[in-house]
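A.B. asks: Attaching a predicted model along with its sequence, questions to come.
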Amino acid sequence: MTRNNSPSISDRRGFFAAGLAALTGLFPLLAGLGVLLDPLRRKSNEAGRLVRIASLSALPDDGVPRRFDVITDQVNAWNHRANVPIGAVYLRRTGEFSVEAFSVNCPHAGCFVEYRRTKHNYLCPCHNSEFGIDGSIQDPSSPSPRGLDALEVDAEKLRQEQEIWIRYQKFQAGKPEKLAI
Ligand code: FES
């Protein structure tokens, strides 16, 4: 008598049903993974978010820049940390309700530029790039490929609340174009 080893129709139906159940079970898992990773996605989109820096009254009205830390809350996939320093900026008053903001990071290789009161300009101590008070390259032999990175200041909050909020963002070093990281 010959024995048939091929799976019966009911076996195949069972196998198919089990496979379908496994696939169906994957959907909630993938959805859950999406939720879990969502803060990471949000974090990468937060590069240009608005951050309060200081009151307008904290800036002298003589056009001399002042350096401020950029402090904000940080959220990642697992925790939320309040008041984390994420960078620094130079702010300068250019009018009653206008403020100029520059990243302190030199566009050449990211060192911190310093404001020089005696020359009323910025110097990067790493390779001596010099920048004018408006952020432009001052010394043509400066190795920086572009001027200081200006940051957007929220004009509405400045005028209505006398508060300085900037859209803080970091940019790629070593490139002539200002490309956000
Ligand atoms: S990092 Fe500023 S000049 Fe090189």
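C.D. replies: Arrived safely, thanks for sending. Keep in mind that what you see is a predicted model, and the values were worked out from it rather than measured.

A.B. asks: Relative to residue 75, how far out is residue 100?
C.D. replies: According to CB to CB, to the nearest Å, residue 100 stands 29 Å off from residue 75. For the C-beta atoms, the positions are set from N, CA and C on the backbone; glycine is no exception.

A.B. asks: Show me which of these two is the more surrounded one.
C.D. replies: Counting neighbours by other CB atoms under 10 Å for residue 100 and for residue 75 shows that residue 100 has the greater number, 19 against 15.

A.B. asks: in a helix, that's where that one is, yeah?
C.D. replies: No - counting by DSSP: H, G, I helix; E, B strand; the rest coil, residue 100 is located in no helix; its state is strand.

A.B. asks: could you list every residue that touches the residue lying closest to residue 127 once chain neighbours are set aside?
C.D. replies: Closest residue to residue 127 apart from its sequence neighbours, by CB to CB, 6 or more residues apart in numbering: residue 143 at 4.9 Å. Each residue near residue 143 by CB atoms under 8 Å, 6 or more residues apart in numbering is listed here: 108, 127, 128, 129.

A.B. asks: Of those residues - the most surrounded one?
C.D. replies: Going by other CB under 10 Å, residue 129 tops the contacts of residue 143 with 25 neighbours.

A.B. asks: Pull the contacting residues for that one.
C.D. replies: 106, 108, 113, 123, 137, 139, 142, 143, 144.

A.B. asks: same thing but 7 Å
C.D. replies: 106, 108, 142, 143, 144 (CB atoms under 7 Å, 6 or more residues apart in numbering).

A.B. asks: I figured the third one hits residue 132, correct?
C.D. replies: No - the pair residue 142 / residue 132 is not scored as a contact, 10.7 Å apart, by CB atoms under 7 Å.

A.B. asks: okay, now the domains of this structure?
C.D. replies: 9-47, 48-167 (automatic domain parsing).

A.B. asks: Among the ones you listed, show the one with the smallest mean pLDDT.
C.D. replies: Among those, domain 9-47 has the lowest mean pLDDT, at a mean of 52.

A.B. asks: Which of residue 142 and residue 132 has more residues huddled nearby?
C.D. replies: Neighbours per residue, other CB under 10 Å: of residue 142 and residue 132, the larger number sits with residue 142, 19 against 15.

A.B. asks: mind checking how far that one is from the ligand?
C.D. replies: 7 Å (CB to the nearest ligand atom, to the nearest Å).

A.B. asks: Now do the SS call for that residue.
C.D. replies: coil.

A.B. asks: From residue 127, how far out is it?
C.D. replies: Taking CB to CB, one finds residue 142 at 8 Å from residue 127.
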